[in-house]
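Student: Following is a predicted model, sequence given first.
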Amino acid sequence: MSIPVPEVVLDGVYAAPDRRERIVRDIVNGKVVFDVRDVDGEAPWSPGHSLDDMPLIEDFADECLAVTSKPDRYSSHDTV
C-alpha cells in the first residue's frame, strides 16, 4: 500500500511499516528529509535516514501506508 506523491508535504505525518510514523522535515531536489518515531508517540522524533541517503519523494510515498495528518495550510477546502 502507498500514498500518492502529492500527499507528501512539509510537516505531514505518515503511517509507516513496523508501527512507526514519519514526519517530513524538508523536501530538497525531489528527495525527502524525514524523522521517525514509534506509533505510540512516547519517544521523541529521531532522524529516519542519513543526509547521504535521503529517499526520492516517489520512494517515500511508496513506503508510506497512510496519511496520518497534514498541516491546515494543505487542506483541500480553502475558500476562493
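Tutor: Nice, thanks for sending it over. Bear in mind that the values here come from a model prediction, so they are computed numbers and not experimental data. Numbers count the residues shown, from 1 in each chain.
Student: got the residue ranges for the strands in the protein?
Tutor: In the chain, the strands defined using DSSP state E lie at 13-16, 20-28, 31-38, 46-47, 66-69.
Student: Kindly compare burial across those and name the winner.
Tutor: When you average the neighbours per residue for each of the strands of the chain (mean count of other C-beta atoms under 10 Å), strand 13-16 leads with a mean of 20. Using the backbone N, CA and C atoms, a C-beta is placed for each residue, glycine as well.
Student: who does that strand pair up with?
Tutor: In the sheet, strand 13-16 lines up against strand 20-28 (antiparallel), strand 66-69 (antiparallel) (DSSP bridges).
Student: Adding distance to L51 and mean pLDDT, write those out as a markdown table.
Tutor: Below are those laid out as a markdown table (distance: least, C-beta to C-beta, whole Å; pLDDT from 0 to 100):
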| stretch | distance to L51 | mean pLDDT |
| --- | --- | --- |
| strand 20-28 | 10 | 96 |
| strand 66-69 | 24 | 95 |
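Student: My read is that S2 contacts E58, right?
Tutor: No - assessed by C-beta atoms under 8 Å, S2 is found out of contact with E58, at 9.3 Å.
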